[in-house]
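Peer 1: after the sequence you'll find the predicted model.
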Amino acid sequence: AQSVTQPDIHITVSEGASLELRCNYSYGATPYLFWYVQSPGQGLQLLLKYFSGDTLVQGIKGFEAEFKRSQSSFNLRKPSVHWSDAAEYFCAVGSNDYKLSFGAGTTVTVRA
Amino acid sequence: KAGVTQTPRYLIKTRGQQVTLSCSPISGHRSVSWYQQTPGQGLQFLFEYFSETQRNKGNFPGRFSGRQFSNSRSEMNVSTLELGDSALYLCASSLGSVRDTEAFFGQGTRLTVV
């Protein structure tokens, strides 16, 4: 069965600093990987996805993620964080049985 | 284009009652999925429908049910509500499988059971 682990429950970062959120997955076949962001009281918005090809993928809002098969990881990065990036971030894996399996999420706090 | 619309946004129900939540997907999307989000369990998959057929169901009791209509709109029903059913219920629509097509989420229905 597929699973996703996000080791960091909460990260605090200064505005303008870089951000990296960790994600490890377990899936027997080629993974379809996603990062979503959720602002308070809102639904989920897709930041980026990896299906195949180039292992470094670019997303919206200046985010990127790198797929590393050998480490079963799909870490999300942003070079310079803005206050508006404060939110909860979810890594997910899509499986053949028509569902997304989500990690527990990482809450990002941005300090001035 | 219009996004995924979930109604109502907020709902307060009493234990033992039943509730129906509605989801209108993006036009042209035939797949609708439902997820339950709670602080303790995170995002849990409930079920997925494609062209009125349920293709998968998560590990929830039979009190949770759903359906999809010919216009792709979907409803989920929870009968005999329990306090633990309090959650944010999210609906997602996609063209095909969420595995390889983007899933667009609604803002959710916040259900409180008292």
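Peer 2: Perfect, thanks for sending it.
Peer 1: from here on, contacts and neighbour counts on C-alpha atoms
Peer 2: OK.
Peer 1: skipping adjacent residues, who's closest to the one residue sitting closest to the centre of chain B in space?
Peer 2: With distances taken as CA atoms, centre = their mean, B:W34 lies nearest the centre of chain B, 3.2 Å away. Once flanking residues are discounted, B:W34 sits nearest to B:C91: 4.6 Å by CA to CA, 6 or more residues apart in numbering or on different chains.
Peer 1: A:G41 now?
Peer 2: In this structure, A:G41 finds its nearest non-sequential neighbour in B:Q107, 7.4 Å apart by CA to CA, 6+ apart.
Peer 1: surely that neighbour and B:L90 touch.
Peer 2: Yes: the pair B:Q107 and B:L90 qualifies as a contact (CA atoms under 8 Å) at a distance of 6.8 Å.
Peer 1: now do the shared contacts for those two.
Peer 2: Common neighbours of B:Q107 and B:L90 are listed as A:G43 (criterion: CA atoms under 8 Å, 6 or more residues apart in numbering or on different chains).
Peer 1: so which of the two has more stuff around it?
Peer 2: A side-by-side neighbour count of B:Q107 and B:L90, using other CA atoms under 10 Å in any protein chain shown, places B:L90 first with 27 against 23.
Peer 1: who does that one bridge with?
Peer 2: Per DSSP bridges, the residues bridged to B:L90 are B:Y35.
Peer 1: residue contacts, it?
Peer 2: A:43, B:34-37, B:105-109.
Peer 1: can you list the weak-confidence ranges in chain B?
Peer 2: B:1 (pLDDT under 70).
Peer 1: residues of it that sit close to chain A?
Peer 2: B:33, B:41-45, B:48, B:55-56, B:90, B:97-100, B:102-108 (CA under 8 Å from any CA of the partner chain).
Peer 1: among the residues you listed, name the buried ones.
Peer 2: B:33, B:42-45, B:48, B:90, B:97-100, B:102-108 (16 or more other CA atoms under 10 Å in any protein chain shown).
Peer 1: so which of those residues belong to strands?
Peer 2: B:33, B:42-45, B:48, B:90, B:104-105 (DSSP state E).
Peer 1: now these in a markdown table, with distance to B:T14?
Peer 2: Converted to a markdown table, these look like this (distance: CA to CA, whole Å):
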| residue | distance to B:T14 |
| --- | --- |
| B:S33 | 26 |
| B:G42 | 23 |
| B:L43 | 23 |
| B:Q44 | 23 |
| B:F45 | 24 |
| B:E48 | 27 |
| B:L90 | 21 |
| B:F104 | 31 |
| B:F105 | 27 |
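Peer 1: and A:L33, what's its pLDDT?
Peer 2: pLDDT, A:L33: 94.
Peer 1: contact partners for the residue lying closest to A:D97 once chain neighbours are set aside?
Peer 2: Distances taken as CA to CA, 6+ apart put B:N56 closest to A:D97, at 6.5 Å, once the chain neighbours are dropped. With contacts defined as CA under 8 Å, 6+ apart, B:N56 is in contact with A:97-99, B:47-49.
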